[in-house]
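**Student:** okay, predicted coordinates and the sequence, questions at the end:
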Amino acid sequence: TQKMAELLGLGDKCGEGASGAPALAGSCLADNRLSLDVYPDGCCRFLQLFEGRRGEVAQVEFLRLSSNDHLLGTALGILPHLKRLKSLVLKGGHARDEFGSCQHGSLTSLPPDVGTLRCLTHLDLSFNSLSTLPSCIPRLPSLRVLLVSHNSLVALPEDFGSLSKLTFFSAMKNQLKDLPQSIGELTALEDLDLSENALEFLPEEVGNLHSCTELDLSGNRLSSIPDSLANLKSLRRLHLHSNLLVTVPASLASLPNLSRLDLQNNCLRAVPPEIQTLPFVHLRGNPLGETEPSPQAEESSATELRRLFLASGEDSFTVTSEGCKVVLACGIRFCFPPGAASDPLRIYFRTLAPDPQWVKLRHHDVLLSRVLELQPHGVQFQQEVQIWIPYASPQTLHQREVVVRTFSGQSWSDLRTQVEQKRKSKKHVAHCSVLHFSWFLVVSRLVQNECKVPTEGTLLFSSVDPNIKVTFPPGVTEETRNVKLQVLPVSAEEIAELTADAGCRASPLLCLSQDSLVDFLRPVRIQLPLPLGVTGLNLDRSRLHLLRGDLQGQTWDDITSQVVLEFTHLYAVFEVTHFSWYWLWYTTKTYIGGIAKKVYERLRMYQVNFIALQRKKDPEQVLLQCLPKHKVDPVLKKLQDRYRGPEPSDMVEMFEGEQFFAAFERGISIDMDRPDCVDGRLSFIFYSHLKNMKEIYVTSPVDRKGQAVKGQVSFYRGAVPESIPEDASRRRKGPDSLWLATLPIKLPRLKPRWGENPSPLNGFSFSPLNLGNAETGYLTQANLLSIARRVGADWQTIGLNLGLTYQQIERIGYNNREDLDKQILDMLFSWAQQNLEDPDCVNKLITAMKESGRQDIADEVESIIELGRQKYRESIRRVGLEQESSTEDSAIAMM
């Protein structure tokens, strides 16, 4: 392949010639590759390149363009000129809508002359708007890999079988209702993914795909499958979950290489014994053993809905007009009543770590769950959908309430929520009803009382303290307003401790708000209880202060002289025309506004401790966690059998949602390229009721073969939250104030690692590996070795979930008997060698780890992939495209 690595001279705007124009950094040709999908104006640059360097562009073999580009149509006209093109990627999904979801590209067809590209072996048209497959595609004689997932295809053409060299075809997440009979002519096809479509039946010709090793038909509407599937002697994995199957042929049990048969979440009431006894069959979510109901029974049990139980690796399910109940692996539940969806609708879900940049907590809110995202966003259901979300139960609820909060794309709002408790586990769940999907989370907030204020006036009480009431007289407003009332009780002990003054007293803090910016037309009468120990009989008016705070608690003004205060034996009464925060103080101190601001700040802070523990069996594995002080002893007791480490740090104070960092120092380091690593420090967000924990591997650049390394981990404050008081923000500035705590870490003298000393493994060798693709990053030999160190006794389960057969597992165990290390390595590297050309092999590894209960390893692999994705995009932006192997097979695997 001719090298073309020079930067091309181009104009800054479309239409400018290349001659004499300044060089455009990032637009380059390297190894006959041109990747412009990372640029917003990639098609414009492509047109400039073709105009200025037509001869060189005609030699391009690998081309990537974004189908979200408005000049795509013009750029498509150039494709037939690229006679040497081997790989073409025209994907959408590069732009996002207002909800953050990927927008499909504008591609609806291809020029007919694209069918003349006789060298094209790889074509990716995913995330577009195709309703029919372009007629030129079946005429591509060399095509081996075709991806048209996330489109709107309703059918495949009758001549689809002419793609005789096709080995990989993915049409997942389309609207396919049937398949052409010619699909059986794809005798070279090895991997077929038709998941999440609308298929109701399969042609018998599917049984002619004799080379097929993986067939994914999950998420369709299949009620049966043809017996001809038993002819797929090469088949290793068959995915049929989330369909409407009422029967499966017993002949599937005779497939010699089958290692995974997923029949979960169907309508199977009976399964052939040959199938049911297979060790690799998955049947959860089927009504096995139930008898077929009579018509009378169907009428009487109309409210009994179909149940779906989703495994940890699944991220979607289908809802029909009949409705269903769905249980996710994480414990979240849904109930879709009959008629909620008029047509079959695919629901996608995921749980996200809360990001304080967009998860905005209000004052005194406590986050109790991760963020649940449900798609499609904004779709209106015909009936309310019930959602149950498990949450971390707070210590006290008598002064607080739990609500589900949802994001509309612009702001968060609270839903009407019921709190329930599971009978067996005693865990708490928050129950709400919605008509559309977006983002959801569970928070604990101050109890909120609200009412509508009409022109006739009304009365509003606090359910936390009935002694607090607000009276709205007649004529207070011209239009009905919504008002809300919250109360923060503050004990005398807290006030005395925070002010260091035993004689200081304060009433509950009253928070009032309304949905109008206009002041009330008549004064609103507010009644507050006098501070504890103070009555109308012993009241010294010179010591009583009424404070008004702003909505952020930054300033507290003494308004005692601005209002008329009336007193009874137990209460103080005053009148206002607009709402704010009100606080009654009883003290001899003069500058009461400053004292109240400091007290308010402290009431919002948590006293926490840091722990740093090392796993006993592997001291290089370190667990870091930030805990509220009342949780420290129970957590340490639970971890003491597996971990050891120093005593917890001294107590420090933090706000809910505050960022902090952990840095390893004095000869100990971590992988600085982790996605959660900023300038060599691990990033955390403190949430008092969520696990602020990370378990990572540390190393030392110091030679440890002769001696141990005594290092440390230090914790530092991060960015100051926007909502904390100004004084607290000012005190945290400067390097000394950022430090929180330091704990010692000791790494023992280094033992030989796998691969460093071949003698313990009797010459066991590791082949060079690059699993994955350039966009997401690779898993290398070193990565697999690191993973192998953590697998342990789970290696057989992981191997089976990776697709190895029982015979392979038994042979690996026998060949490496009495040596667990070699069994693990043999299993992992055997799987890796079999999947070198599979572009989705890394995702399969992650899924296998989750299905095997090894979320820790899955998280590590996902971190490596995220890092690879970041590095790839950065390198593309710097130089245009990294140079890679130019062999045809490697190119196909990497694109």
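**Tutor:** Noted; the coordinates are in hand.
**Student:** what about the helices in the stretch 201-350 of the chain?
**Tutor:** Using DSSP state H, counting those that start in this stretch, the helices of the stretch 201-350 of the chain run over 273-276, 295-300.
**Student:** lowest average pLDDT across these?
**Tutor:** Looking at the helices of the stretch 201-350 of the chain, the lowest mean pLDDT belongs to helix 295-300 (a mean of 43).
**Student:** got the CA positions of stretch 807-825 in CSV?
**Tutor:** In CSV, the C-alpha atoms belonging to stretch 807-825 read as follows (Å, rounded to 0.1, in the frame of the first residue of the first chain):
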residue,chain,number,x,y,z
GLN,A,807,-15.5,-30.6,26.4
GLN,A,808,-13.0,-27.8,26.0
ILE,A,809,-13.3,-26.8,29.7
GLU,A,810,-12.8,-30.4,30.7
ARG,A,811,-9.7,-30.8,28.4
ILE,A,812,-8.2,-27.5,29.8
GLY,A,813,-8.7,-28.8,33.3
TYR,A,814,-7.2,-32.1,32.6
ASN,A,815,-4.2,-30.8,30.7
ASN,A,816,-3.3,-28.4,33.5
ARG,A,817,-4.5,-30.4,36.5
GLU,A,818,-3.3,-29.3,39.9
ASP,A,819,-2.3,-25.9,38.5
LEU,A,820,-5.1,-23.3,38.7
ASP,A,821,-3.0,-20.5,37.2
LYS,A,822,-2.4,-22.5,34.0
GLN,A,823,-6.0,-23.5,33.8
ILE,A,824,-7.1,-19.9,33.9
LEU,A,825,-4.5,-18.7,31.3
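**Student:** let me see the contact set for residue 162.
**Tutor:** Shown in contact with residue 162 (Cβ atoms under 8 Å, 6 or more residues apart in numbering): 138, 139, 182, 185. All C-beta atoms are positioned from the backbone trio N, CA, C, and that covers glycine.
**Student:** identify the farthest-apart pair in the residues you listed.
**Tutor:** Farthest pair in the contacts of residue 162 (Cβ to Cβ) is 139 and 185. Separation: 14.8 Å.
**Student:** find the nearest non-adjacent residue to residue 361, please.
**Tutor:** Using Cβ to Cβ, 6 or more residues apart in numbering and skipping the chain neighbours, the partner closest in space to residue 361 is residue 657 (5.3 Å).
**Student:** wait, that neighbour touches residue 685, no?
**Tutor:** Yes - using Cβ atoms under 8 Å, residue 657 makes contact with residue 685 at a distance of 6.5 Å.
**Student:** re the thing from before, who's in contact with the residue nearest to residue 361?
**Tutor:** Residue 657 sits in contact with 354, 356, 359, 361, 367, 685, 686, 687, 721, where contact means Cβ under 8 Å, 6+ apart.
**Student:** domains of this protein?
**Tutor:** For the chain, the domain assignment from the TED database gives the residue ranges 29-282, 307-446, 448-603, 607-724+734-747, 770-878.
**Student:** now the ones you listed as TSV including distance to residue 288?
**Tutor:** As requested, these are arranged in TSV below (distance: least, Cβ to Cβ, whole Å):
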stretch	distance to residue 288
domain 29-282	6
domain 307-446	12
domain 448-603	46
domain 607-724+734-747	36
domain 770-878	21
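**Student:** neighbours around residue 862, how many?
**Tutor:** Taking other Cβ atoms under 10 Å as the criterion, the count of residues near residue 862 is 16.
**Student:** again with residue 384
**Tutor:** The criterion is other Cβ under 10 Å. On that basis, residue 384 has 14 neighbouring residues.
**Student:** check contacts around it.
**Tutor:** If you count contacts by Cβ under 8 Å, 6+ apart, then residue 384 has 337, 340, 433, 434, 435 around it.
**Student:** buried subset of those, written for ChimeraX?
**Tutor:** In ChimeraX, the members of those classed as buried (16 or more other Cβ atoms under 10 Å) are selected with the following command:
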select :337,340,434
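**Student:** of the contacts of residue 384, which is the nearest to residue 834?
**Tutor:** Distance ranking of those against residue 834, using Cβ to Cβ, places residue 340 first at 43.6 Å.
**Student:** phi, psi for the closest one please.
**Tutor:** In terms of degrees, to the nearest 10, the main-chain angles of residue 340 are phi -60, psi -40.
**Student:** quick one: contacts for it?
**Tutor:** Residues near residue 340 by Cβ under 8 Å, 6+ apart: 319, 323, 381, 382, 383, 384, 385.
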